[in-house]
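Colleague: Sequence below, structure please.
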Amino acid sequence: EEVYRNLEESGRLFDGEGNFGSGVTISDTDVPRGVRLVLEERLNRISDAGRKALTVAAVSGRHFSFELLLRVADVDEDTLLDVMDEAAAASLVEDISKGREARYQFAHELIRQTLLASLSFPRRQRIHLRVADALREVAGDARVSEVAHHYYQAGAAADTATTVEYLRRAGERALRTLAFEDALKQLDHALEVVPDEDQDARAQIQVLRARALRGSARVDDALAAYDAALEHKLSDTAYETLLRERARLHVDMYLPTPALPDIDELLERARSRGDQAMELNAQLLLAEARYRISLETPEVQQPAREATERAIALAREVGDQRALATALLSSTHFVDYWKEFREQARTNLGEARKIGEALGDQEIIIDAETMALRVNVFAPVELNIAMEEVREHLEARRDPLRLREHLFWMIGPTRMSGNFQRSVE
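Modeller: Residues are numbered from 1 along each chain as shown. The predicted structure is shown next:
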């Protein structure tokens, strides 16, 4: 009741429209005075060693392991065992041990926040640093997000390069699991910490941020992230990565024309250095961009096909199987322009799918499934089932751009089958 009243009086319980506010968190300043006094009285009943150990545990989080606390609390094992027994008897913590690991949690978040409120800012930072270092020893890479959090909270007490590294790694892990909002949080923190003069590192983080923004369907923000990074003086590698990523996003958004200057510059740089791998990546982008332009400009159909055939040849020459699969899949679009190309398209599609299966690459397999709908001849009922299966797969992967492209393509076949309501949906 006290917490509820405190949030209401501070204007954080409801938003401007009278609805419960989202993202309300309990920080140490949110513990009402009356509640804090009661909790302080309970905490004063335990030993000094217990109070100190629990304060360190409070910094580590609501849940903590005995092993981690032993490494951080600066007490011997027997003393810590006594402390935890004392805290459990006082109903300050609860034993939540599972399996072979001894674990505890605070009986209530307000107890933890009251302990945190007793710490000065620099002392709290240094405990965060000790927790981060201990987590690295105990868990390695298994808990990279927690390590990143504690290094970030350690502020100036932590090594800047180490903090940025773990925040970046945490962001990359979140991206791999499609947790785009969490990735943005980690990467925004990294951008806050990385020195202004380290422009390559900032550019690398902006690339990752843009991928997270794209995954969250915030495409304009993603393009703005690329543009902001390109304003700085960068190494060739960082500059070319940004050009490629920005061109990729433009092409994916069916805005191929703005991508062409970036692609042309990438091709020129690659050929001047004799870098076939870089040339191949740029050639793949060019093929896709020209195909998408050809959808509205028929005279670009032949140049689009030539660009794709060049990409296939270059991929075989370089020996890049994934790039080859991508180029082969791209070539299947041309059944829309040349009916006699259907048989070759089926051959290319089959080769691409085999590559995807051999590599265990789900993106290639999904794209092969999508293109099979266009290349192969289905009965209406079979086509509708296959289209919906691909749609469900894309929704499960949270891939808004591929999903949008697939839904756009579904409109025609769905309408032709007489299912007008589904076509509108």
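Colleague: Give the closest residue to the residue of the chain positioned farthest from its centre in space, chain neighbours not counted.
Modeller: Distance from the centre of the chain peaks at residue 45, with 45.3 Å (CA atoms, centre = their mean). Once flanking residues are discounted, residue 45 sits nearest to residue 90: 6.6 Å by CB to CB, 6 or more residues apart in numbering. (C-beta placed from N, C-alpha, C; glycine too.)
Colleague: returning to what we had before: local confidence estimate at the residue farthest from the centre of the chain?
Modeller: Note for residue 45: predicted pLDDT of 84.
Colleague: Check the secondary structure at it for me.
Modeller: coil (DSSP: H, G, I helix; E, B strand; the rest coil).
Colleague: Tell me, please, the helix or strand in this structure that averages the lowest pLDDT.
Modeller: Lowest by mean pLDDT, DSSP states H and E among the helices and strands of the chain is helix 2-9, with a mean of 48.
Colleague: What's the separation between residue 67 and residue 365?
Modeller: 42 Å (CB to CB, to the nearest Å).
Colleague: Which of these two has more residues huddled nearby?
Modeller: The residue with more neighbours, out of residue 67 and residue 365, is residue 365; 18 against 15, by other CB atoms under 10 Å.
Colleague: who does whatever helix or strand that one lives in touch, helix- and strand-wise?
Modeller: Per DSSP states H and E, residue 365 falls inside helix 362-375. Judged by 3 or more CB pairs under 8 Å, 6 or more residues apart in numbering; DSSP states H and E, the packing partners of helix 362-375 are helix 321-331, helix 342-359, helix 380-396, helix 400-416.
Colleague: Tell me what angle the shortest one forms with helix 362-375.
Modeller: To tie it back to what came earlier, the one meant is helix 321-331. Angle of helix 321-331 versus helix 362-375, following axes from the mean of the first three to the mean of the last three CA atoms, to 10 degrees, is 20 degrees.
Colleague: For helix 321-331, list the C-alpha coordinates in PDB.
Modeller: Extracted in PDB, the C-alpha atoms of helix 321-331 (Å, rounded to 0.1, in the frame of the first residue of the first chain):
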ATOM      1  CA  GLN A 321      28.700 -21.800 -51.000                       C
ATOM      2  CA  ARG A 322      26.400 -19.500 -49.100                       C
ATOM      3  CA  ALA A 323      26.900 -16.700 -51.700                       C
ATOM      4  CA  LEU A 324      26.300 -19.200 -54.400                       C
ATOM      5  CA  ALA A 325      23.000 -20.300 -52.900                       C
ATOM      6  CA  THR A 326      21.900 -16.700 -52.500                       C
ATOM      7  CA  ALA A 327      22.700 -15.900 -56.200                       C
ATOM      8  CA  LEU A 328      21.000 -19.100 -57.400                       C
ATOM      9  CA  LEU A 329      17.800 -18.200 -55.400                       C
ATOM     10  CA  SER A 330      17.900 -14.700 -56.800                       C
ATOM     11  CA  SER A 331      18.000 -16.100 -60.400                       C
END
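Colleague: and the strand or helix carrying residue 115, average pLDDT?
Modeller: According to DSSP H and E, residue 115 maps onto helix 109-117. For helix 109-117, mean pLDDT is 89.
Colleague: Could you report the distance from the residue nearest the centre of the chain to residue 286?
Modeller: Note on the chain: the residue nearest the mean C-alpha position is residue 175, at 2.2 Å, using CA atoms, centre = their mean. To residue 286, residue 175 is 26 Å away according to CB to CB.
Colleague: Please spell out which residues along stretch 260-276 are buried.
Modeller: 260, 262, 263, 266, 267, 269, 270, 276 (16 or more other CB atoms under 10 Å).
Colleague: what's the next secondary structure element after the strand or helix carrying the third one?
Modeller: If I follow you right, that is residue 263. In this structure, residue 263 sits in helix 256-273 according to DSSP H and E. Sequence-wise, the next helix or strand downstream of helix 256-273 (DSSP H and E) is helix 276-294.
Colleague: Sketch out the low-pLDDT regions of the chain for me.
Modeller: For the chain, the stretches with pLDDT under 70 are 1-37, 373-395, 397-425.
Colleague: all helices of the stretch 51-200 of the chain, in order?
Modeller: Counting by DSSP state H, counting those that start in this stretch, the stretch 51-200 of the chain has these helices, from start to end: 66-72, 77-89, 109-117, 121-139, 144-154, 160-176, 180-193, 199-215.
Colleague: and residue 71, how many neighbours?
Modeller: Applying other CB under 10 Å, we find 16 other residues in the vicinity of residue 71.
Colleague: Let me know the distance separating the nearest residue to residue 86 once chain neighbours are set aside from residue 62.
Modeller: Nearest non-adjacent residue to residue 86, counting by CB to CB, 6+ apart: residue 50, 5.1 Å away. For residue 50, the distance to residue 62 (CB to CB) stands at 18 Å.
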